[in-house]
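**Q** Have a look; sequence and predicted model below, questions after that.
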Amino acid sequence: MKIVIFGAGKFYHENKGKIPSEIEIAAILDNNPKLQGRYIDSHPIVSVDKVGRFFYDKIVLMSASEDEMKCQLINLGVEKDSIWYWERFISEMKHGVFKSYCGSVDSAKVYGKNILILSTDLDYNGGTIAAVYAAKVLQELGNRVILAAPKGDKTFIREVTDSGLDITVCPALPYIGREEIFWIEQFDFVLVNVFQMAPCVYEISKIKPIMWWIHEFSELYEKMLNRYQEYIDKEKMKHINIYTVSSIAKRNFNRYFPNKKTVNLSYGIPDQSTESNFSPQKEELIFAIIGTVCARKAQEIFVKAVELLYLEEKQNVQFWIVGFIGNDEYSNQIRKLASKMEEVKIVGSLTRSEIFEVYKAIDVVVCPSLEDPLPIVATEGMMYGRTCIVSDATGTSQYIRSGENGLICKAGDITDLCDKMRWVIHNQEKLPIIGREARQIYEEHFSLKQFGKRLEEAVKNTQYDWKR
């Protein structure tokens, strides 16, 4: 295959080693006049308007500005089908590659269906964790379950396989070719997890009953629809059962697919708590915001709300920021804000088992997200009987009666979050009562037993609809 690369910057230098040696690079396009006329790795760098001078099979986009680059090429007359995102290029190079990680499944307990769950990268994000718990539930119902993804964090994979689940890493995903179709043929049923897996949904629906489980926040759709335009045909979706994790996830999906019926399917999580976890006996009160540091998760709102509290209110109180923190501008801003207050502690990334220890240590889970369809951290907090403060832009808020089984703050409102934390500080004696009520939400809506019933019904309905 002969390709033209668009982008000679940081992305190219970080990823050029992944380009197979048999790929011929005709040229590298770049908009930077200072680079044009030079050579990188023996390849000429030319301006984008000279793309017509070269013979190529595909143009591969290698930059964070890939959507703008694609539009630029199309405006120059390049056919859409000739343009590949980097993700697509790498996938095409990996068709037929599978790597299995085996759990400890007792074959004597397998008497049901062969079920495949396809998801995005296996790491500590809410959508992936929900898929893991779905796999556990289906396995406990007597099915043989494989959880597959394009790649995964080694520690996360080890934790999941140690819990008894089988994992397959299939780097071609979310794109599928003949090799992946041949592999999928062995399964009776396929659950595709999250909207980002869109490229494989329609092709699988031709050969197997398939349900598509949607979790996504609104901001993601525009980018994904632009990237996967050729794969998301509203007519092709007729025979695909769509399930959404919450009313927010449903609203976001139906904004772009208004005539497609969706059914609510909230996830479930295993019960990790014990009665002794419900009322930590300690001198300090601990609030924690848990999740990857990013603008949508609103760690900035959290830290600035802490800043508004009076000094005497922060006596014997700690505020933890738990989760991956990068080196981007937003993360560095959080570090700067947190460094000004000794009671704010950046904990950083933790494994799942370490996260569970955090829940035991803290008193209040804070989830002030600007949007979050159904944050798993709030569900886990309720499972541990913790008081949760969630924003009105989370799917969790529909289960909460503020002041009774949790608290609700206005999304993006620093003062309102401060007021809710202040109320907690001055009403600590009420936390055990609120925690018990929060635990009730978990038992009624998010236990694996309840989730198992909903998921089993969804599988049956999807199989019935597909046969019709």
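**A** Received it, and whenever you're ready, just let me know what you need.
**Q** confidence score at residue 220?
**A** If you check residue 220, the pLDDT there is 91.
**Q** Please verify my assumption that it contacts residue 194.
**A** No. Here residue 220 does not reach residue 194: they are 9.2 Å apart, not a contact under Cβ atoms under 8 Å. No exception for glycine: its C-beta is placed from N, CA and C like everyone else's.
**Q** When those two are compared, which one has more neighbours?
**A** Of the pair residue 220 and residue 194, residue 194 is the one with more neighbours under other Cβ atoms under 10 Å, namely 24 against 15.
**Q** where are the low-confidence patches of the stretch 301-450 of the chain?
**A** Within the stretch 301-450 of the chain, no stretch falls below the threshold (pLDDT under 70).
**Q** ok, what's across the strand from the closest residue to residue 306 other than its chain neighbours?
**A** With Cβ to Cβ, 6 or more residues apart in numbering as the criterion, residue 306 has its nearest non-adjacent residue at 4.9 Å, and that residue is residue 319. As for beta bridges, residue 319 partners with residue 287, residue 344 under DSSP bridges.
**Q** what's around residue 319, how many residues?
**A** Under the neighbour criterion other Cβ under 10 Å, residue 319 is assigned a count of 23.
**Q** Centre-most residue in this structure?
**A** residue 127 (4.3 Å; Cα atoms, centre = their mean).
**Q** Need the per-residue pLDDT for it.
**A** Predicted confidence (pLDDT) at residue 127: the value is 92.
**Q** Enumerate every residue touching it.
**A** Each residue near residue 127 by Cβ atoms under 8 Å, 6 or more residues apart in numbering is listed here: 119, 120, 193, 194, 215, 216.
**Q** cool, and residue 159?
**A** Neighbouring residues of residue 159 by Cβ under 8 Å, 6+ apart: 351, 352, 353.
**Q** which regions of the stretch 1-150 of the chain sit below the pLDDT cut-off?
**A** Scanning the stretch 1-150 of the chain residue by residue, the ranges that satisfy pLDDT under 70 are 105-108.
**Q** can you give me the helices in it?
**A** Along the stretch 1-150 of the chain, the segments classed as helices by DSSP state H, counting those that start in this stretch run 10-15, 66-75, 86-93, 126-140.
**Q** The stretch 201-350 of the chain too?
**A** Secondary structure of the stretch 201-350 of the chain (DSSP H, counting those that start in this stretch): helices at 218-227, 247-256, 299-308, 329-339.
**Q** Can you name the residues in contact with the first one?
**A** Residues from elsewhere that reach helix 218-227 (Cβ under 8 Å, 6+ apart): 67, 70, 85, 195-196, 198, 216, 232, 252, 255-256, 296, 371.
**Q** Apply 6 Å and report the result again.
**A** Contacts made with helix 218-227 from outside it, assessed by Cβ atoms under 6 Å, 6 or more residues apart in numbering, are listed as 67, 195, 252, 256.
**Q** which among these gets closest to residue 362?
**A** The shortest approach to residue 362 among the contacts of helix 218-227 belongs to residue 252, at 29.9 Å (Cβ to Cβ).
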